[in-house]
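Peer 1: with the input below, show me the fold.
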Amino acid sequence: MIVFHGSTKKLEHFQIKPASQISIQEFDTLGIWCTSNFKSAQSFAIGTETVCEKSETEFWEDGTPKVVQYDKAICGFIYKVYIDEPSIKEYESYELFMDERDPYCDYASAKKGPLTWKDKAILLNKDEANADFRKNIMKQGFDGILIREMVIETGQEDMYCIFSGDIMQIADVLPLK
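Peer 2: Numbering: from 1, shown residues only. Now for the predicted structure:
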């Protein structure tokens, strides 16, 4: 299987850690997110980084330059990734995925009663919920999941979440300009 992964960072190998991908921020610790659509992966390779540098126009009273901080636009990389026959659990919709993940989530809201993702409540245990959900899916013998037509920045796309970078081989790295 060939998929594409967009990142603002240069990677030598994949590992599960927060991806800093805005459109999947709630799920960034679940696994490594990929798509079969090259164009969709591009949106994950564009972002910002915080830069601190001496100002050329602002100075302290003693004449030393002030240090300014700003967000600088960056373009990263698209990784063409090969995965050898992964076992993927498929969800026909985002809703079905969320319903299965929900028992692992603790929510807070002013609303009374048991809460679900549909209540738009605050998720209190993102990392733990993602880890427990991932463990459950892996116990079932799956290497990752596929969510059909997940809404991301570029529209609705089939999104893969792979639980281990060990099964992913980088076939090509394409820098964005």
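
Peer 1: quick one: the residue of the chain positioned farthest from its centre from Cys52, how far?
Peer 2: Distance to the chain centre peaks in the chain at Asp62, reaching 45.3 Å (criterion: C-alpha atoms, centre = their mean). Distance, Asp62 to Cys52, using C-beta to C-beta, to the nearest Å: 20 Å. In this view, the C-beta of every residue, glycine as well, is placed from N, C-alpha and C.

Peer 1: same thing with His13?
Peer 2: Distance from His13 to Cys52, by C-beta to C-beta: 29 Å.

Peer 1: can you check Val68 too?
Peer 2: Computed as C-beta to C-beta, the Val68 to Cys52 distance reads 7 Å.

Peer 1: again with Asp99
Peer 2: Distance, Asp99 to Cys52, using C-beta to C-beta: 44 Å.

Peer 1: more neighbours, these two?
Peer 2: Each of Asp99 and Cys52 has its neighbours counted (other C-beta atoms under 10 Å); Asp99 has more, 14 against 8.

Peer 1: can I get the longest strand seen in the chain in PDB, CA atoms only?
Peer 2: When the chain is parsed with DSSP state E, its longest strand is strand 46-59. Coordinates of each C-alpha in strand 46-59 appear next as PDB, following Å, rounded to 0.1, in the frame of the first residue of the first chain:
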ATOM      1  CA  ILE A  46       2.400  23.800   5.600                       C
ATOM      2  CA  GLY A  47       2.600  25.600   8.900                       C
ATOM      3  CA  THR A  48       4.400  28.000  11.100                       C
ATOM      4  CA  GLU A  49       7.300  28.000  13.500                       C
ATOM      5  CA  THR A  50       8.000  30.500  16.200                       C
ATOM      6  CA  VAL A  51      11.200  32.500  15.600                       C
ATOM      7  CA  CYS A  52      13.100  34.700  18.100                       C
ATOM      8  CA  GLU A  53      15.600  37.100  16.700                       C
ATOM      9  CA  LYS A  54      17.200  40.500  17.400                       C
ATOM     10  CA  SER A  55      15.100  43.400  16.000                       C
ATOM     11  CA  GLU A  56      16.700  45.600  13.400                       C
ATOM     12  CA  THR A  57      14.200  48.400  14.200                       C
ATOM     13  CA  GLU A  58      13.400  48.200  17.900                       C
ATOM     14  CA  PHE A  59      15.900  49.000  20.600                       C
END
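
Peer 1: centre of the chain to that strand, how far?
Peer 2: Its chain's C-alpha centre and that of strand 46-59 lie 26 Å apart, by C-alpha atoms, centre = their mean, to the nearest Å.

Peer 1: next: stretch 78-96.
Peer 2: For stretch 78-96, the distance to the chain centre is 14 Å (C-alpha atoms, centre = their mean).
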